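Colleague: I would like to see how this sequence folds:
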Amino acid sequence: MKRMYRVIRAVSAGLAVVLLGCVFSFAQERNLVKYVNTLQGTDSEWALSYGNTYPTVGLPFGLHFFSAQTGKNGDGWKYQYKANTIRGFQQVHQCSPWMNDYAVFSLMPGIGSLVVNEDERALAFSHDRETAKPHYYAVTFDNGIQAEISPVERGAHMRFSFPRKQKAYLVLDGFIKDSEVEIIPHERKIIGFVNNGRFVPGNFKNYFVLEFDRDFKSFGTWENTGDSIRADNLHEAGKGVGAYLEFAPGATVEVKVASSYISADQAALTLEQELGSAKNFKTTKAKAFDVWNTLLNRVVVEGGTEEEKATFYSCLFRANLFSRKFYEIDENGDPYYYSPYDGKIHSGYMYTDNGFWDTFRAQFPLSNILHREMQGRYMQSLLDAQQQAGFFPTWSNPGMSGVMIGNHAISLLADAWAKGIHTFNPDSALRAYYHEVTNKGFWGGSNGREGWKDYFTKGYIPYGEIHESTAKTLEYAYDDFCGYQLAKAVGNDFYENVFGRQMYNYKNVFDPDVNFVRGRQPDGECLPHIDPVEGGGPFSYAISWQNTW
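Modeller: Here you go, the predicted model:
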């Protein structure tokens, strides 16, 4: 018996859907993965803010994803549909190009002569020889090389098929910043680490292990700052250090990849845990398909065209990628993690890579319905992160950034509690939130509360002193409403009273004379001019119309 969620179609709106709740069904799972196109959103350009997607191959909320790379190392726009060459297949984590990525390295095949430079090694391809699904990415290059990837939670299985009669190479690129590689020919392995990312503690490292199923004909190291090559070298460390391997002409090479933020030993253990039983690439691919298909079958739509279903399930795929799991499994089967907040090792669960300003309205309410066990762990991890960082995470990537506005962790906690997820102490959550709203952290606009004294005393954030003041007043009022609702639900009279007095502050930036919200000056007067379609100023990525709604 499978728990499923039935979704019905609005008659005149295609697949405008309403989630009714869970029913039970003995129905056979249908193939819904076929509808998902992970290239959705990659045909991007500046006029469309470039788009934020790349052809992700990964498991739901996985620690690591992988992607084909058309852009240069360090470019936030990893893959653009208009590109006609690929320069690597990356381990990726990026949830926004504006935040960029971390813990990245890549593999790239080549034939003939060894070419390591990322521009020169890029190979031409066409989209009609490309497959982009959640569980499987494949491309056949114009020169005949085929590259394939299937994921596990903390790594991937790759397969490279080379044409006959030419030398076959794989190039490991250490990306930007520091890296280390060690080639172990008799074990058919490369081990090492990369250290790249913006919002990471000083001791951050991603330890990786790559295990190959073929002997190396030759090998060596290189570095991507000057593309210098050291043939036969087994070990190298420094900026942008990588490795290369040569295989027999015409070989088909399978590569098992796993990574850990804890240690090299944990990376090796993870490889055994997640890929040790995989006899071959087909085994990993089949398991990954089953994971995604089972998940997608939890939301079954009725009616609609095939094109509408493709749009719906491609979006549902994206809605099950972030926040990512940031914990690993030790030799006893217990979860533990390297904290991206304090750089220490802790027992338990941790999740990261999410900007709540973007996702509190819809993503988290959906996850609280579809993934109750995970969300129960997630809510406790929010409180753990608050203890480690001093404030709730608001835009983690993977550590604290403070990007954007609002204190929306309380929205996540209140929504989870309202939906029956009671895995955390609500009084602890309210205390942490009270600290959040009566202090300002040293990170950006959402780390603590900017202008909190004026918000509590004047009832609004004055324009001119604090950037995006009206938008922040509105976000704070909503968050205080969430704090009020949680306090009321659990009978905490103190915080119910505190937040009950603040949650109506949104009224203080609404001007009944023009029926719009607008900026207010420190003396209480509204700004003398208002254009309801003008962005910026007192608003954040919006206009007065949107903020008024």
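
Colleague: could you use CA atoms for every contact and neighbour count after this?
Modeller: Fine.

Colleague: got a list of what the closest residue to Tyr79 other than its chain neighbours touches?
Modeller: With sequence-adjacent residues excluded and distances taken as C-alpha to C-alpha, 6 or more residues apart in numbering, Tyr79 is closest to Thr70, at 4.8 Å. The contact partners of Thr70, taken as C-alpha atoms under 8 Å, 6 or more residues apart in numbering, are 78-80, 83-88.

Colleague: what about Val514, how many neighbours?
Modeller: Other residues within reach of Val514 by the criterion other C-alpha atoms under 10 Å amount to 10.

Colleague: in this protein, which spans are helices?
Modeller: Shown for the chain, the helices assigned by DSSP state H span residues 264-275, 281-296, 306-318, 356-359, 363-370, 372-389, 409-418, 426-437, 452-457, 469-490, 493-502, 544-548.

Colleague: can you list those helices in JSON lines and add mean pLDDT?
Modeller: As requested, those are arranged in JSON lines below (pLDDT from 0 to 100):
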{"stretch": "helix 264-275", "mean pLDDT": "98"}
{"stretch": "helix 281-296", "mean pLDDT": "98"}
{"stretch": "helix 306-318", "mean pLDDT": "97"}
{"stretch": "helix 356-359", "mean pLDDT": "94"}
{"stretch": "helix 363-370", "mean pLDDT": "97"}
{"stretch": "helix 372-389", "mean pLDDT": "98"}
{"stretch": "helix 409-418", "mean pLDDT": "98"}
{"stretch": "helix 426-437", "mean pLDDT": "98"}
{"stretch": "helix 452-457", "mean pLDDT": "96"}
{"stretch": "helix 469-490", "mean pLDDT": "98"}
{"stretch": "helix 493-502", "mean pLDDT": "97"}
{"stretch": "helix 544-548", "mean pLDDT": "95"}
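
Colleague: in a markdown table, list the ones you listed along with distance to Phe141 and mean neighbour count.
Modeller: A markdown table is the format used below for those (distance: least, C-alpha to C-alpha, whole Å; neighbours: other C-alpha atoms under 10 Å):
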| stretch | distance to Phe141 | mean neighbour count |
| --- | --- | --- |
| helix 264-275 | 27 | 20 |
| helix 281-296 | 19 | 18 |
| helix 306-318 | 25 | 17 |
| helix 356-359 | 37 | 18 |
| helix 363-370 | 36 | 18 |
| helix 372-389 | 39 | 19 |
| helix 409-418 | 44 | 23 |
| helix 426-437 | 52 | 19 |
| helix 452-457 | 56 | 16 |
| helix 469-490 | 48 | 24 |
| helix 493-502 | 59 | 18 |
| helix 544-548 | 46 | 18 |
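
Colleague: TSV for the ones you listed, including distance to Ala47?
Modeller: Formatted as TSV, those follow (distance: least, C-alpha to C-alpha, whole Å):
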stretch	distance to Ala47
helix 264-275	41
helix 281-296	32
helix 306-318	22
helix 356-359	20
helix 363-370	26
helix 372-389	36
helix 409-418	32
helix 426-437	37
helix 452-457	36
helix 469-490	25
helix 493-502	39
helix 544-548	21
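
Colleague: between the ones you listed, which one is closest to Leu39.
Modeller: helix 306-318 (9.1 Å; C-alpha to C-alpha).

Colleague: which other helices and strands does the closest one contact?
Modeller: Applying 3 or more C-alpha pairs under 8 Å, 6 or more residues apart in numbering; DSSP states H and E, one finds that helix 306-318 contacts helix 281-296.

Colleague: now for the helix it packs on, which elements pack on it?
Modeller: For helix 281-296, the contact count by 3+ C-alpha pairs under 8 Å, 6+ apart identifies strand 146-152, strand 155-161, helix 306-318 as packing neighbours.

Colleague: distance to Val533 added to these, as JSON lines?
Modeller: Listed next are those as JSON lines, based on distance: least, C-alpha to C-alpha, whole Å:
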{"stretch": "strand 146-152", "distance to Val533": "45"}
{"stretch": "strand 155-161", "distance to Val533": "46"}
{"stretch": "helix 306-318", "distance to Val533": "29"}
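
Colleague: of the ones you listed, which is nearest Thr270?
Modeller: Nearest to Thr270, of all those, is strand 155-161, at 8.4 Å by C-alpha to C-alpha.

Colleague: now the closest one against helix 281-296, angle please.
Modeller: For strand 155-161 against helix 281-296, the angle by axes from the mean of the first three to the mean of the last three C-alpha atoms, to 10 degrees is 130 degrees.

Colleague: make 81 the starting number, not 1.
Modeller: Sure thing, new numbering starts at 81, so read that last one as strand 235-241.

Colleague: and strand 235-241, C-alpha only, in PDB?
Modeller: C-alpha atoms of strand 235-241 as PDB (Å, rounded to 0.1, in the frame of the first residue of the first chain):
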ATOM      1  CA  GLY A 235      28.700  10.800  -4.900                       C
ATOM      2  CA  ALA A 236      28.200   9.500  -8.400                       C
ATOM      3  CA  HIS A 237      28.900   6.700 -10.800                       C
ATOM      4  CA  MET A 238      30.300   7.800 -14.200                       C
ATOM      5  CA  ARG A 239      31.000   6.000 -17.400                       C
ATOM      6  CA  PHE A 240      33.200   7.200 -20.300                       C
ATOM      7  CA  SER A 241      33.300   5.300 -23.600                       C
END
